[in-house]
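Student: after the sequence you'll find the predicted model.
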Amino acid sequence: MVQVELQEAAKRGAQMIELRLDFLAKAPDFKRLLANRPSAMVATVRRPADGGRWPGTEEDRQMLLRQAIVAGFDWVDLETDVAEEIRRFKDVKRIISYHNLREVPAELEEIHEKMCTQDPDVVKLAVTAQRPTDNLRVLKLLQKARKPTVAFCMGDLGVPSRILGAKYGAPFAYAAFNKERGIAPGILSYEELKGIYHYPQINAETRVYGVIGDPVAHSLSPLIHNTAFRSLGINAVYLPFRVPRAGFETFLKELDHLPVHGYSVTIPHKEHAANIAAEKDPAVELTQAANTLIRGENGFVAYNTDYQSARDSLLTNLPPGPDGQPSTLQGRTVLLLGAGGVARAVAHALHREGALVSVSNRTPERTQRLAEEVGCRAIDWAARHNVVCDTVINCTSVGMHPNMDESPIHQSLLKPGLMVMDCIYTPEQTLLVKEARNRGCHILTGVDMFVRQAALQFQLFTGKEAPLEVMRKVVRKALSPLNLRDEA
Ligand code: NAP
């Protein structure tokens, strides 16, 4: 079994494979294993205190490490507190490691300094991020390291440091071939590190972009932007930054050191992003919410690409008028469901285009507030089925994964010829979209708007036209029902 997995890992491109002996019920026959090694092999026997599963005594653990060294592993991982008890043997290389499952300790630099004196070939520091800015702490250490060092934060807050090691000189990164085994908190899969973040292409010149939000773990933005960078040969990487509500400004300030050239901004920071910006585009002035921040000379410039993408998506996809001419939004009667972030952008954009918008939201105060802000009609949530309209736009999260058997309106409202747009894109084929299609409505899914808002961001990030079709294709593939089922 181990042999099969090693061959598979090498086939997929791994140049160095760590064998976590603490995960195996019984140590394999080293001689046989190493005779067929497909790439350089690292022997590691991690203790529970360091995040491992070794069940035996410390004496037996060190014995196993010595056996692995003598058997001819290419590398051995030795924790800093035992490094001096196990001497260098022949040409077996040494990773001297330190793990901290609680925090990034105040004395991290001193610990690193001492490890540099323990005859390492590589020093490894795996610490736990308590706040998003901890990433910066380990990256700064990496930048100054006088010995080859792999340093990163564990946990989902620490994902950026795992990827940016390549920019700051880390000789390699850790990735899992099977994430479900729970090898280490926050570890990316080999496919993610290579396929989404293009880790081997990251170097000192790579520009950094990212999405700030909470949560961001399942965001499709890293996939869509990194794919677009790669397809145009742009040396840039786009990362997920999980930043809790209270940490937004501190995060932006501290990350100035990196720097990050542009951010996508998502829940819960869109209003905050608009407030801190030095300059705002008209859509941000209007909606008081920003989904994009671009680093400028005097601070961040804020944009709201949801606003334009909603407008563009509808205009491009409206059926032509009776004269065969492209339709406009002028005079269209729109029932807009929801009053959250996306509803606000869509309501302002359509109102500006001359549409007659009626807003209906579950919480009446929010319906009222949005209707007053935009200057449109407010409809009671219970009365939403009585509205006469030619367009329905769902801006609520009703029907979103995992509640895919819900729809924000009863299908009796769905008449042939009605234009139905669902902003939800996870899944693309929501119950509302399916019912609308079955009843002869014109349908527009949230994928089109999502791809357009990302493409507009990409243009703001790079000054280049976005590869719209490439972006659309990679999102559709990621959203295929098969992948969503895997995630559930
Ligand atoms: P948000 O600010 O949290 O707003 C959520 C909206 O959904 C609110 O109006 C909320 O009503 C309503 N809602 C939630 N649960 C409900 C329920 N059980 N019954 C009735 N109404 C309910 O979120 P958002 O940023 O506007 O996002 C909304 C949806 O749009 C999400 O699915 C998001 O993924 C999608 N989206 C798509 C794009 C795109 O580019 N396609 C862009 C952004 C967002 P209350 O006010 O009563 O809570």
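Tutor: Right, received. Where do you want to start? Numbering: from 1, shown residues only.

Student: what about residue 204, how many residues close to it?
Tutor: Residues lying near residue 204 (other C-beta atoms under 10 Å) number 9. The C-beta positions use only the backbone N, C-alpha and C, and glycine is treated the same way.

Student: again but with residue 245, I slipped
Tutor: Residues near residue 245, counting by other C-beta under 10 Å, number 10.

Student: mind telling me what element the closest residue to it other than its chain neighbours is part of?
Tutor: Leaving aside its sequence neighbours, residue 245 sits nearest to residue 268 (C-beta to C-beta, 6 or more residues apart in numbering; 4.9 Å). Using DSSP states H and E, residue 268 maps to neither a helix nor a strand.

Student: where does the stretch 1-150 of the chain get nearest to the ligand, which residue?
Tutor: Closest residue of the stretch 1-150 of the chain to the ligand, C-beta to the nearest ligand atom: residue 132 (21.0 Å).

Student: does that residue touch residue 241 like I think?
Tutor: Yes - if you go by C-beta atoms under 8 Å, residue 132 and residue 241 touch, sitting 5.9 Å apart.

Student: what do these two both touch?
Tutor: residue 251 (C-beta atoms under 8 Å, 6 or more residues apart in numbering).

Student: for the residue of the stretch 151-300 of the chain found nearest the ligand, grab the count of nearby residues.
Tutor: In the stretch 151-300 of the chain, the residue that lies nearest the ligand is residue 267 (5.7 Å; C-beta to the nearest ligand atom). For residue 267, the number of neighbouring residues by other C-beta under 10 Å comes to 14.

Student: so it touches residue 213, yeah?
Tutor: Yes - the pair residue 267 / residue 213 is scored as a contact, 5.7 Å apart, by C-beta under 8 Å.

Student: ok so, going back, can you give me the neighbour number for the residue of the stretch 1-150 of the chain closest to the ligand?
Tutor: Neighbours of residue 132 (other C-beta under 10 Å): 23.

Student: over to residue 169?
Tutor: Look at residue 169: counted by other C-beta under 10 Å, it has 15 neighbours.

Student: now stretch 302-321: buried residues?
Tutor: Using 16 or more other C-beta atoms under 10 Å as the test for burial, stretch 302-321 gives 302-314, 317-318.

Student: and the furthest pair within the residues you listed?
Tutor: Largest separation among the buried residues of stretch 302-321 by C-beta to C-beta: 302 and 318, giving 29.0 Å.

Student: how about the residue of the stretch 1-150 of the chain closest to the ligand, what does it touch?
Tutor: Applying C-beta under 8 Å, 6+ apart, the residues contacting residue 132 are 157, 241-244, 247, 251.

Student: and if we set it to 7 Å?
Tutor: Taking C-beta atoms under 7 Å, 6 or more residues apart in numbering, we find residue 132 in contact with 157, 241-243, 247, 251.

Student: just give me how far stretch 13-28 sits from the chain centre.
Tutor: In terms of C-alpha atoms, centre = their mean, to the nearest Å, the centre of stretch 13-28 is set 28 Å apart from its chain centre.

Student: how far does it stretch from start to finish?
Tutor: For stretch 13-28, the first-to-last residue distance is 23 Å (C-alpha to C-alpha, to the nearest Å).

Student: show me where pLDDT drops low in this protein?
Tutor: For the chain, the stretches flagged by pLDDT under 70 are 1, 481-488.

Student: domain-wise, how is it divided?
Tutor: Domain ranges of the chain: 2-207, 208-303, 324-449, per automatic domain parsing.

Student: related to what we said a few turns ago, isn't the residue nearest to residue 245 right up against residue 214?
Tutor: Yes - contact criterion C-beta atoms under 7 Å: residue 268 and residue 214 qualify, at 6.3 Å.

Student: tell me which of those two has more neighbours.
Tutor: residue 214 (19 against 16).

Student: right, and that one touches residue 243 too?
Tutor: Yes - assessed by C-beta under 7 Å, residue 214 is found in contact with residue 243 at 6.0 Å.

Student: for residue 350, give its distance to residue 176.
Tutor: 45 Å (C-beta to C-beta, to the nearest Å).

Student: neighbour count winner among these two?
Tutor: Between residue 350 and residue 176, counting by other C-beta under 10 Å, residue 350 is the more crowded of the two (24 against 18).

Student: surely that one and residue 335 touch.
Tutor: No - taking contacts as C-beta under 7 Å, residue 350 lies outside contact range of residue 335: 11.1 Å.

Student: so what's residue 287 up against?
Tutor: Contacts of residue 287 by C-beta under 7 Å, 6+ apart are 304, 307, 344-345, 348.

Student: ok, residue 149 next?
Tutor: Residue 149 neighbours (C-beta under 7 Å, 6+ apart): 112, 122-123, 125, 142, 170.

Student: can you do 10 Å?
Tutor: By C-beta atoms under 10 Å, 6 or more residues apart in numbering, the residues touching residue 149 are 96, 112, 115-116, 120, 122-125, 138, 141-143, 165, 168-171.

Student: got a quick ChimeraX command for the buried subset of these?
Tutor: To isolate the buried members of the contacts of residue 149 in ChimeraX, using 16+ other C-beta under 10 Å:
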select :96,112,115,116,120,122,123,124,125,138,141,142,165,168,170
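
Student: so which of the contacts of residue 149 belong to strands?
Tutor: Among those, the members falling in strands (DSSP state E) are 96, 122-125.

Student: right, and the secondary structure at residue 64 would be what?
Tutor: helix (DSSP: H, G, I helix; E, B strand; the rest coil).

Student: any idea how far residue 14 is from the residue nearest to it when sequence neighbours are not counted?
Tutor: Nearest in space to residue 64, with sequence neighbours left out and distances taken as C-beta to C-beta, 6+ apart, is residue 45 at 5.4 Å. Using C-beta to C-beta, residue 45 is found at 20 Å from residue 14.
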